[in-house]
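> Requesting a structural model of the entry that follows:
(chains A and B)
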Amino acid sequence: MLEVRGLRKVYGGHGRTVEAVRDLTFELKAGELACLVGPSGCGKTTLLKCIAGLLAPTSGEVSVHGQRVAGPPADMAVVFQEYGRSLYPWMTVGANVELPLKEKRLVRARRRQLVTDSLAAVGLHDVENAYPWQLSGGMQQRVAIARALAYEPQVLLMDEPFAAVDAQTRADLEDLVRSVWQRFGITLLFVTHDIDEAVYLGERVIVLSASPTVVQHQVTVDLPTERDQLATRSLARFAELRAEIYQQIHQAKAASTADRLAAEALA
Amino acid sequence: MSGPTSVSTGRASPVTLSQPAALQSGTAAHQRRRHLPLGLFGLIGLLLVLELVPRIGLVSPAYLSPTSEIVKTLAGEVGRPSFWIAVWDTVRSWAIGLIIAVIAGTVVGLILGSVGFLRRLTSSLIEFLRPIPSVSLVPLAVLLYGNDIRSKLLLIVYAAFWQVLIQVMYGAHDVDPVAADTARSFRLGRLALLRHVTWPTVLPYFMTGVRLAASVALILAVTGELVIGAPGLGKEIAIAQSSAAIPLVYAYVVTTGLLGVLVNLGARAVERRVLSWHPSVRGEVAA
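The predicted structure is shown next:
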């Protein structure tokens, strides 16, 4: 469904090149929910932008449904971390959700229905005529999710969407993502730096190495499908998975430090 | 004039989730009520001083007319059609010049602001042309158009154009990368991007540019009339001066000042309406 093969991204210019992503290969099956975790600064956002078709990879390729991604694909939506900048303050909540649908040239009645349904799906009622900045951070991110859902994508990318909200809101939003994923049957790639979040949300966790980035490890999350903030997080298996991923990330960091020291010793 | 921006845009939040909108407008209105008398006091003080200074002989009444006399002369002028014709001449050239400058400045600004290559190509040219005072183009204007309205328009457009251009250019360059990425990820076309993302981003800059341009255009309209002798309030000032009708000179000066105040108030009112969503107008709500 979503394939990333040999993806490499080098930022160049001004006499200095930075290899953000070295060699990434992984695959998501249709309807799967996978989480990408990695140490901070490991090129998660670069990877996500390449997948979303917002950034051209230096080499390698991304394909959706076997179609190579050369620009933003029609059946993909992205939820960004910075909801305050991703939602347009000059439009009401309803207009924000509706804008991509207008571009899709859907008829008015269908647009209205999608806006109402998707806002209801994320638990928002009676906010269509409010402006995003009149809502709390958590509600704004719900609007951003609603906008993505109304677009009726088959693939949904989320780039650390809950990094800027408080813990309680975050737990609610995590459950929202699970329920939306189950209800809409979409393929979901969720990028985060939070190991707990990755284990709680994902069916599979892809662990990235430090920059230059490769896939370090993959873990299948064999927890029950119905997750509960309290019960799931207190399972012994949850703790084991969490420890396993933590160890992998720790190793990734240590390896990159060793690499750097070795390189410096050689220089 | 520098009162606090009010939030009274009539766009009350339809939901009960944020009281701040109502709260903010309340405090703003309250502050305004407290500031207004103080501002008026300053104006009244100035008028009193201007009344007294010639009366007690500090400055000869031959140069400075007392306030009461200026008001009396102005009241007399207001009843004459020639006064309104002069006002109309000034306002008309101001409006035409401003419209031309705003349209040209916006179009050029949008293009230069969104195409990095063109911006770099023209930046030194703009920095060279922009500081040239419009008044120094008077000889050129007279040579081209005599004391026709077009002379005035040349000066007005040249001065006002840069105000709009610079603001719009900065605005178009200031589009938030996340907002742009969002638009691209939902496959918005070029035109939709311009209409729904770039233009709203530019709007606050545009409004500032138009407000500055409106004031500058008025200055240049009066200057053009005064120096070139094109019909309007400036020309009336020159005529009154040459016939030593000092109170009349001041009456016309006051008229141009009042026009300036009206222009500014109008621009601010439009700004508040159009930018009701913008942090500078809405009053920041904690996100």
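> Share the number of residues neighbouring residue 125, please.
You didn't pick a chain, so chain A it is. Around residue A:125 there are 9 other residues, counting by other C-beta atoms under 10 Å in any protein chain shown. C-beta here means a position set from N, CA and C on the backbone, and glycine is covered the same way.
> Can you look at chain B instead?
Other residues within reach of residue B:125, judged by other C-beta under 10 Å, total 9.
> what sits against it?
By C-beta atoms under 8 Å, 6 or more residues apart in numbering or on different chains, the contact set of residue B:125 is empty.
> which SS class is it?
The three-state label given to residue B:125 by DSSP: H, G, I helix; E, B strand; the rest coil is helix.
> Next: residue B:160.
Criterion first, three-state DSSP; result for residue B:160: helix.
> hang on, it packs against residue B:215?
No. Look at residue B:160 against residue B:215 with C-beta atoms under 8 Å: they stay out of range, at 9.1 Å.
> The two: which has the busier surroundings?
residue B:160 (32 against 16).
> List the residues that contact the more buried one.
Residue B:160 touches B:97, B:98, B:101, B:102, B:105, B:213, B:214, B:216, B:217, B:220, counting by C-beta under 8 Å, 6+ apart.
> cool, residue A:35 as well?
Per C-beta under 8 Å, 6+ apart, neighbours of residue A:35: A:189, A:190, A:191, A:192, A:197, A:198, A:199, A:201, A:202, A:204, A:205, A:206.
> By neighbour count, which of the contacts of residue B:160 wins?
Result: residue B:217 is most packed of the contacts of residue B:160 (other C-beta under 10 Å), 32 neighbours.
> Which secondary structure state is assigned to residue B:204?
Under three-state DSSP, the three-state class of residue B:204 is helix.
> I'd like to know which helix or strand in chain A has the lowest mean pLDDT.
Lowest mean confidence among the helices and strands of chain A (mean pLDDT, DSSP states H and E): helix A:236-266, at a mean of 82.
> check contacts around the nearest residue to residue A:80 once chain neighbours are set aside.
Residue nearest to residue A:80 in three dimensions, not counting chain neighbours: residue A:86, with 4.3 Å by C-beta to C-beta, 6 or more residues apart in numbering or on different chains. Contact analysis of residue A:86 by C-beta under 8 Å, 6+ apart lists A:79, A:80, A:144, B:178, B:179, B:181, B:182.
> pretty sure the second one contacts residue A:162?
When you say that, I think you mean residue A:80. No. Taking contacts as C-beta under 8 Å, residue A:80 lies outside contact range of residue A:162: 11.7 Å.
> Can you tell me which residues in the stretch 101-250 of chain B are near chain A?
Residues of the stretch 101-250 of chain B lying near chain A by C-beta under 8 Å from any C-beta of the partner chain: B:176, B:178-179, B:181-182, B:184-189, B:192, B:196-197, B:200, B:203.
> can you tell me how far residue B:270 sits from residue B:157?
Applying C-beta to C-beta, to the nearest Å, the value for residue B:270 to residue B:157 is 21 Å.
> of the two, who's got more company?
The neighbour count for residue B:270 versus residue B:157, taken as other C-beta under 10 Å, is higher for residue B:157 (23 against 13).
> Let me know the helix or strand that the more buried one is in.
Taking DSSP states H and E as the criterion, the element that holds residue B:157 is helix B:149-173.
> Would you mark the buried spots in the helix or strand just after that helix?
Moving toward the C-terminus from helix B:149-173, the next helix or strand (DSSP H and E) is helix B:177-185. Using 16 or more other C-beta atoms under 10 Å in any protein chain shown as the test for burial, helix B:177-185 gives B:178, B:179, B:180, B:181, B:182, B:183, B:184, B:185.
> Dump these into CSV; add distance to residue A:259 and pLDDT as well.
Formatted as CSV, the buried residues of helix B:177-185 follow (distance: C-beta to C-beta, whole Å; pLDDT from 0 to 100):
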residue, distance to residue A:259, pLDDT
B:178, 32, 94
B:179, 37, 95
B:180, 35, 93
B:181, 32, 94
B:182, 36, 95
B:183, 39, 95
B:184, 35, 93
B:185, 34, 94
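> if we can go back for a sec, please produce CSV containing the contacts of residue A:35, extended by distance to chain B and pLDDT.
As requested, those are arranged in CSV below (distance: C-beta to the nearest C-beta, whole Å; pLDDT from 0 to 100):
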residue, distance to chain B, pLDDT
A:189, 14, 95
A:190, 16, 94
A:191, 14, 93
A:192, 18, 90
A:197, 21, 92
A:198, 23, 92
A:199, 27, 93
A:201, 21, 92
A:202, 22, 91
A:204, 24, 93
A:205, 24, 93
A:206, 21, 92
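> Widest-spaced pair of these?
Farthest pair in those (C-beta to C-beta) is A:189 and A:199. Separation: 15.7 Å.
> what residue is smack in the middle of chain A?
In chain A, the centroid-proximal residue (C-alpha atoms, centre = their mean) is residue A:158; its distance is 2.4 Å.
> so what's residue A:63 bridging to?
residue A:3, residue A:68 (DSSP bridges).
> residue contacts, it?
Neighbouring residues of residue A:63 by C-beta under 8 Å, 6+ apart: A:2, A:3, A:5, A:69.
> Identify, from those residues, the entry nearest to chain B.
Comparing the contacts of residue A:63 against chain B with C-beta to the nearest C-beta places residue A:69 closest, at 11.7 Å.
> Give me the local confidence score for residue B:25.
The score at residue B:25 is 43. That number is its pLDDT.
> which element is residue A:7 on?
Using DSSP H and E, residue A:7 sits within strand A:2-11.
> what's the model's confidence in that strand, averaged?
Averaging pLDDT along strand A:2-11 gives 89.
> And for stretch B:278-287?
According to the model, stretch B:278-287 has a mean pLDDT of 66.
> Count the residues that sit near residue 232.
Just going to use chain A. With other C-beta under 10 Å as criterion, residue A:232 counts 15.
> not quite, I wanted chain B
Residues lying near residue B:232 (other C-beta under 10 Å) number 28.
> what does residue B:266 give?
Applying other C-beta under 10 Å, we find 12 residues neighbouring residue B:266.
> What backbone torsions are found at it?
Main-chain torsions, residue B:266, degrees, to the nearest 10: phi -60, psi -50.
> Please name the nearest non-neighbouring residue to it.
Leaving aside its sequence neighbours, residue B:266 sits nearest to residue B:214 (C-beta to C-beta, 6+ apart; 8.0 Å).
> Low-confidence stretches in the chain?
Picking chain A for this. A:267 (pLDDT under 70).
> that's the other chain; I wanted chain B
Scanning chain B for pLDDT under 70 picks out the ranges B:1-36, B:283-287.
> At which residues are the helices of it located?
Assigned by DSSP state H, chain B shows helices spanning B:20-55, B:67-78, B:81-114, B:116-129, B:138-145, B:149-173, B:177-185, B:190-193, B:199-228, B:233-242, B:246-274, B:279-282.
> contacting residues around the second one?
Meaning helix B:67-78. B:47-48, B:50-51, B:65, B:83, B:247-248, B:250-252, B:254-255.
> Mind putting the residues you listed into TSV with neighbour count and distance to residue A:11?
Output for the contacts of helix B:67-78, formatted as TSV (neighbours: other C-beta atoms under 10 Å in any protein chain shown; distance: C-beta to C-beta, whole Å):
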residue	neighbour count	distance to residue A:11
B:47	15	65
B:48	11	67
B:50	18	65
B:51	17	70
B:65	22	70
B:83	18	67
B:247	21	71
B:248	21	70
B:250	22	66
B:251	25	67
B:252	30	63
B:254	15	62
B:255	21	61
